[in-house]
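Chemist: test case, fold it:
(2 chains)
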Amino acid sequence: MKQEQFEQRYQPLWHRLDQQLDQLETFRLRRSSEELPADLPQLYRQLCNHYALSRARRYSPQLVGFLHRLVLRGHQQLYTRRGAWLWRLLTFIASDFPVSLRLNIGYVWVALALFLLPALLVGGYCMIDDTFIHSLMSDAEISNMEEMYRPDNARPGRTLERSADSDFVMFGFYIYNNIGIGFRTFAMGILAGVGTVFTLFYNGIVIGGVAGYLSGLGYTDTFWPFVCGHSALELTAIVISGAAGLMIGRGVISPGRYSRLDAIKLQAGKAVPLVMGAGLMLLGAAFIEAFWSASSLPNTVKYVAAIILWIMMVLYFMFAGRGADGAR
Amino acid sequence: MTLTDTVRRHETPEGIRLELRLAGPVVRACAWCIDMLIRAVLYALVSGVFAFFGGVGTSVMLIMFFLIEWFYPVVFELYNGASPGKKSMGLVVIQDNGTPVTFSSSLIRNLLRAADFLPFLYATGLLSMLINNNFQRLGDLAAGTLVVYREPDLERIKLANAESLRPPVDLSVDEQRELIRFAERCPQLSQERQIELATSLYPVTGKRGPAAVKEILGYAAWLTRGSR
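Modeler: Numbers count the residues shown, from 1 in each chain, chains lettered A, B, ... in the order given. Purely as a prediction, here's the structure:
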């Protein structure tokens, strides 16, 4: 068949497909699966046939290029996932996140150990020996921290400079700072896991050191009621980000039966739900830290609420999403 | 496949080979600089506007800073495949199987910027791109994404309406293709260049000058639409 006959015969088909693709490309975020035209797959297959023919018959580069571009656009529209954003977010919280956490619980235990052991050791030592904290932090940081939790501080958890800031400011600050830390803990996992291990270890030492030192000073009635409320979400989220980082690191160090590249891709894909979940948890933690922890409620109320939060969180991770689609 | 070529081919389920043109470090760095400028403007705007709203304003400002820092590329990649900087350089982010970038991949490749940036200005990412065959930085490797050139919209050229002439010799398919290609490119060439190229076929056409051009265009017309 001559090129011109070929073009004339199939021009209407290409034009139709082109229009359908134009339509699909404009509303990328808003459309749902119903809007995919029923004959798009069929048109696309025919187009693929035409493209292959035009190459085999050595039709002009112009035509081949035109068809190639159309094929590429069709491929992108046909093999994409679409729609139902809100629903996916809800099912993510209700089941996907806790399920993938249970599937990768081993990494969570390792991350927890990397965080908790140094925290307990350094914390215990700082409680006995109140000079040891000086090997961990600068003098300015230490006096800052003492100021935040001094028994006569009307707004525990904030330095005098910040005490005038409203709860809202602190909410923004916690989001900016804490979720960023969570994301970075994950990202550093690509450096063979070393970055994540370091971050977990470092945070364990500093947080443990601060807690131990302040308890040793006897600031217990300002420090513990302040941190207990958001600790459930915040500390767990950092450990989960760490677990996600370790998963990528595992892909780099020990790819198993896969090629190293495939292992990294696979592990990163599995780690994404954990990072996203940790991000959401840190968002919740920021809210609690800004509006609940800093409030002047009686310490007993705060302790009880913290215990309830911890229990709810553990139950959530143990049971949410169990049984759905055969998930464990 | 030669290693120096930047075309990557992906075979689809339909048995078609898609050709993807990879973008190198320099053009991606340019795109990043443009994005950086846009982000700087956004930061300035946000802090300028919300400074007037007291505590809540500062809070919203910090949250916006957080979103701009981490989710600026994610939002644009999901919306139209590329951040404004990439778009202006004609680039687009896709999965390594040629499909549009997914939410999960976009999140991975942009969160891992924190690692690629180390120790300064994407040094790690650059190193990874230079070692890798596909110009992927660490984030791209983990997410399974490629940064490629967007295919330009091709103007389909109608061949000049020359009188159809049967070529005097049998032509191989590749030779036929070259003749058609010449006819398609003719409008972009100067008269002198057209003549120069067409005259190089003197042994076949037996013509020189403008007559040779007309002769070749005639062959191309015969090849594309027959003897009508």
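
Chemist: residue ranges in the chain under the pLDDT threshold?
Modeler: Because you didn't say which chain, this covers chain A. The model of chain A has pLDDT under 70 over residues A:27-35, A:81-84, A:160-161, A:163-165, A:324-328.

Chemist: wrong one, I was asking about chain B
Modeler: Residues of chain B meeting the criterion pLDDT under 70: B:1-4, B:154-160, B:227-228.

Chemist: give me the domain ranges for it.
Modeler: Chain B breaks down by automatic domain parsing into domains covering B:7-149, B:173-225.

Chemist: reformat those as CSV; add mean neighbour count.
Modeler: C-beta coordinates here come from the backbone N, C-alpha and C atoms, glycine included. Conversion of the domains of chain B to CSV gives the following (neighbours: other C-beta atoms under 10 Å in any protein chain shown):
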stretch, mean neighbour count
domain B:7-149, 18
domain B:173-225, 17
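
Chemist: tell me the bridge partners for the spatially most central residue of chain B.
Modeler: The centre of chain B sits closest to residue B:149, judged by C-alpha atoms, centre = their mean, with a distance of 1.9 Å. Beta bridges link residue B:149 to residue B:91 when assigned by DSSP bridges.

Chemist: distance check, it against residue B:89.
Modeler: In this structure, residue B:149 and residue B:89 are 9 Å apart, going by C-beta to C-beta, to the nearest Å.

Chemist: next, residue B:19: secondary structure please.
Modeler: Secondary structure, DSSP: H, G, I helix; E, B strand; the rest coil: residue B:19 is strand.

Chemist: list the contacts of it.
Modeler: A:68, B:7, B:8, B:9 (C-beta atoms under 8 Å, 6 or more residues apart in numbering or on different chains).

Chemist: quick one: which of those is nearest residue B:28?
Modeler: Nearest to residue B:28 among these, counting by C-beta to C-beta, is residue B:8 at 15.7 Å.

Chemist: all strands for chain B, in order.
Modeler: B:7-11, B:17-21, B:91-95, B:145-149 (DSSP state E).

Chemist: just to revisit the earlier point, got the contacts of residue B:19 as JSON lines, with distance to residue B:61 columns?
Modeler: JSON lines is the format used below for the contacts of residue B:19 (distance: C-beta to C-beta, whole Å):
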{"residue": "A:68", "distance to residue B:61": "47"}
{"residue": "B:7", "distance to residue B:61": "45"}
{"residue": "B:8", "distance to residue B:61": "42"}
{"residue": "B:9", "distance to residue B:61": "47"}
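
Chemist: of these, which pair is most distant in space?
Modeler: Maximum pairwise distance in the contacts of residue B:19, criterion C-beta to C-beta, is 13.9 Å, between A:68 and B:8.

Chemist: next up, the contacts around residue 60.
Modeler: This is for chain A. When contacts are counted by C-beta under 8 Å, 6+ apart, residue A:60 touches A:3, B:177, B:180, B:181, B:184, B:224.

Chemist: I was thinking of chain B, sorry if that wasn't clear
Modeler: Applying C-beta under 8 Å, 6+ apart to residue B:60 gives the contacts A:172, B:50, B:53.

Chemist: before we move on, back to that, the domains of chain B: which one's closest to residue A:243?
Modeler: Ranking the domains of chain B by proximity to residue A:243 (C-beta to C-beta) places domain B:7-149 first, at 14.8 Å.

Chemist: how far off centre is that closest one?
Modeler: 16 Å (C-alpha atoms, centre = their mean, to the nearest Å).

Chemist: elements contacting the helix or strand hosting residue A:11?
Modeler: Per DSSP states H and E: residue A:11 is located in helix A:3-26. If you count contacts as 3 or more C-beta pairs under 8 Å, 6 or more residues apart in numbering or on different chains; DSSP states H and E, helix A:3-26 packs onto helix A:40-56, helix A:61-78, helix B:210-225.

Chemist: which of these sits closest to residue B:99?
Modeler: Minimum separation from residue B:99 across the helices and strands packed on helix A:3-26 (C-beta to C-beta) falls at helix A:61-78, 5.8 Å.

Chemist: what's the closest one in contact with?
Modeler: Applying C-beta under 8 Å, 6+ apart, the contact partners of helix A:61-78 are A:3, A:7, A:14, A:17-18, A:21, A:24-25, A:36, A:40-41, A:43-44, A:47-48, A:50-51, A:54-55, B:12, B:16, B:18-19, B:94, B:98-100, B:151, B:153-154, B:156-157, B:177, B:181, B:184.
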